[in-house]
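Asks: got a predicted structure here, sequence first:
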Amino acid sequence: MSDICVTTSGCSADYLRRVKVQKSQHSPAARGFIHIAKAPRGYIFGRRLTKQLQCGIPCTEDVEVDVAIVGAGVIGLCTAYSLLRSTNLSVALIEANRQVPATTPHCGAATGAGQGYIWLAHRDPSSIAWQLAAESQSLWQELLQRPHLGAGDVEWQSSGSLLLARESVEAEQLQARQERLRGAGIAAQYLDEGALHAEEPALHSSMAGGLLVSSDSQLNGRAAAKALLAACQSLHAGASAFRTLLGHPVVDMATDGSSGAIQSIATREHRIWPREGIVIATGAWTPHLARMISSAQAPGLADSDIQPRKGHLLELPASLAPAIKHGLMEIGYAKHYQRSEASAEDTDITFTATQSASGSLLLGSSRELCGFDGKPDHAVIQAILERARSFLPALHHVSAADVDVRIGLRPYSRRGMPHVGRLPGCPNAFVAAGHEGSGLTLGPATGELMCRLVAAAEEVLPAYAAALQLEIQ
Ligand SMILES: Cc1cc2nc3c(=O)[nH]c(=O)nc-3n(C[C@H](O)[C@H](O)[C@H](O)COP(=O)(O)OP(=O)(O)OC[C@H]3O[C@@H](n4cnc5c(N)ncnc54)[C@H](O)[C@@H]3O)c2cc1C
């Protein structure tokens with residue numbers, strides 16, 4: 001190692017510093033590069049000293065890191081947080097959008113559009129996703145005790161959930177569900193028409209019944225994403241190093257021909273060298289990323305394994321919003337938690353409502369398989385409002401002009417549960433995607449699973465983890 005000091009003009013502003021130059025033995029690409037060493041277990045990055053740099057033409061910065069996470073939605077953020085908190089591994093979080101969560105109009109990422117219910121009420125206690133959700137619920141409670149992740153930071157509200165029946169047949173389904181939830185240890189209380197009206201007076205008087213689960217909660221998905229990022233950045237001050245590359249879509253990955261392992265990941269401005277592994281947490285875009293590394297050994301994910309399922313969510317300002325005590329959802333919504341071959345033909349609208357901590361009312365939601373189109377659809381907005389009015393009559397005075405529209409592409413997994421595990425045929429690649437309408441709920445347990453897989457602590461994986469492994473068909 002030489003001890004020459006240089007100033008690396010042109011590097012990202014937050015890492016510009018005078019540094020010792022060392023010739024890294026670590027990566028084959030390091031030969032002939034200038035590298036910046038931060039810490040033994042930290043990142044090493046630098047720039048080619050080429051004529052291009054001298055001329056001011058952009059060139060590639062090398063980043064060496066233990067784990068590269070692609071995608072800074074709630075799943076990538078929870079994974080980063082778990083790794084930084086529980087291991088000494090350095091982490092680089094690479095995100096196509098400049099902001100976390102991505103909320104620019106119609107950008108499509110799901111996390112910024114999420115409504116925020118952290119519920120068990122509408123899930124099936126016999127499903128794998130139930131176990132992931134139950135573990136996540138208790139992990140969220142734990143996270144609330146951590147710096148930057150307090151109840152105020154994520155706008156946590158213990159407001160309970162109310163599933164709603166409009167027909168007598170649905171009321172019978174609620175009563176059966178009450179028994180199943182009780183069997184799984186959840187205190188669920190069936191409310192008949194009168195009791196429901198007393199509990200939630202804003203509801204239409206024609207409701208047939210409701211199921212109250214007081215232990216369910218909600219948060220603000222946007223606030224939670226920002227808080228998770230801040231929490232990761234605060235852990236950076238400790239043993240582990242954390243770097244964010246925001247506004248840098250991953251455009252390519254290079255694999256080793258014989259082992260199938262990923263050697264490097266490219267953005268337009270960086271080449272990232274992951275020492276331990278790469279986590280693909282790119283939601284609906286995951287098949288695109290998997291395609292970059294597909295080979296004979298790693299056949300990749302089919303586009304149909306994870307598809308974008310577009311969702312509209314409407315936000316009504318507090319000044320126009322009726323007050324509700326609990327999170328509300330029509331019982332028909334539960335069908336979205338079953339394994340299915342989704343049809344591209346129909347737009348599905350099911351009623352949900354949650355009141356944010358500031359009093360605005362979030363009204364959901366639509367589901368459509370229409371590719372990566374993130375534009376608002378006036379007919380869908382009208383249909384969500386119409387459906388919401390049939391549950392909350394005070395919304396009759398509200399028009400489409402009164403609401404802000406959020407659009408997100410849920411990562412729909414046709415097997416009805418997410419893929420969380422190794423990418424077959426690629427020894428250092430992991431996938432955490434396909435959480436559809438549940439990523440805010442399932443994020444913490446997914447992050448913990450990923451952390452254990454990447455850190456090779458597989459002996460402490462919960463029993464249900466095997467079922468979440470990726471299946472390549
Ligand atoms: C209307 C709506 C309401 C919802 N309500 C709830 C709810 O109440 N409760 C709940 O639990 N869940 C809810 N969800 C679901 C939840 O939002 C998603 O399951 C979750 O956000 C998925 O997170 P993710 O990190 O997998 O994906 P995303 O949030 O989509 O993040 C993926 C990230 O990968 C990035 N990316 C893609 N390609 C690249 C690339 N090449 N390079 C770098 N980065 C890339 C994207 O920019 C994006 O930021 C809702 C979703 C919608 C749309």
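Replies: Everything's here; your move.
Asks: what about stretch 416-434, near the ligand?
Replies: Yes - contact between stretch 416-434 and the ligand, assessed by Cβ under 6 Å from any ligand atom, occurs at Ala433. In this view, the C-beta of every residue, glycine as well, is placed from N, C-alpha and C.
Asks: buried stuff in that stretch?
Replies: Buried residues in stretch 416-434, counting neighbours by 16 or more other Cβ atoms under 10 Å, are found at 416-426, 428-434.
Asks: roughly how far apart are the closest residue to Gly209 other than its chain neighbours and Tyr190?
Replies: In space, not counting the residues next to it along the chain, Gly209 is nearest to Ala171; the distance is 3.9 Å by Cβ to Cβ, 6 or more residues apart in numbering. Computed as Cβ to Cβ, to the nearest Å, the Ala171 to Tyr190 distance reads 8 Å.
Asks: Provide a list of residues in contact with the closest residue to the ligand within the stretch 1-150 of the chain.
Replies: The stretch 1-150 of the chain approaches the ligand most closely through Gly73 (2.2 Å), counting by Cβ to the nearest ligand atom. With Cβ atoms under 8 Å, 6 or more residues apart in numbering as the criterion, the residues that contact Gly73 are 101-102, 109-111, 225, 281-283, 439.
Asks: and the residues you listed, which two are the farthest apart?
Replies: Comparing all pairs in the contacts of Gly73 by Cβ to Cβ, the longest separation belongs to Ala225 and Thr282, at 14.8 Å.
Asks: which stretches in the stretch 201-350 of the chain count as strands?
Replies: Residue ranges of the strands in the stretch 201-350 of the chain, as given by DSSP state E, counting those that start in this stretch, are 209-213, 217-218, 242-246, 252-255, 262-266, 270-280, 306-316, 327-330, 348-355.
Asks: give the pairing partners of the fifth one; include direction for each.
Replies: In the sheet containing strand 262-266, the strands it pairs with under DSSP bridges are strand 252-255 (antiparallel), strand 270-280 (antiparallel).
Asks: with respect to burial, which of these scores highest?
Replies: Most buried of the strands paired with strand 262-266, by mean neighbour count (mean count of other Cβ atoms under 10 Å): strand 270-280, with a mean of 24.
Asks: so that one versus strand 242-246, what angle?
Replies: Counting by axes from the mean of the first three to the mean of the last three Cα atoms, to 10 degrees, strand 270-280 points 100 degrees away from the direction of strand 242-246.
Asks: chain center to strand 270-280, what's the gap?
Replies: Using Cα atoms, centre = their mean, to the nearest Å, the mean C-alpha position of strand 270-280 is found 19 Å from that of the whole chain.
Asks: which one (most neighbours) among the contacts of Gly73?
Replies: For these, neighbours were counted by other Cβ atoms under 10 Å; the highest total belongs to Ala281, with 34 neighbours.
Asks: thought His435 was touching that residue, still the case?
Replies: No - in this structure, Ala281 sits apart from His435 without contact. The criterion is Cβ atoms under 8 Å, and the distance is 9.7 Å.
Asks: shared neighbours, these two?
Replies: Shared contacts of Ala281 and His435 (Cβ under 8 Å, 6+ apart): Ile75.
Asks: circling back to that earlier point, reformat the strands paired with strand 262-266 as CSV; add mean pLDDT and distance to the ligand.
Replies: Rendered in CSV, the data for those read as follows (pLDDT from 0 to 100; distance: least, Cβ to the nearest ligand atom, whole Å):
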stretch, mean pLDDT, distance to the ligand
strand 252-255, 94, 10
strand 270-280, 97, 9
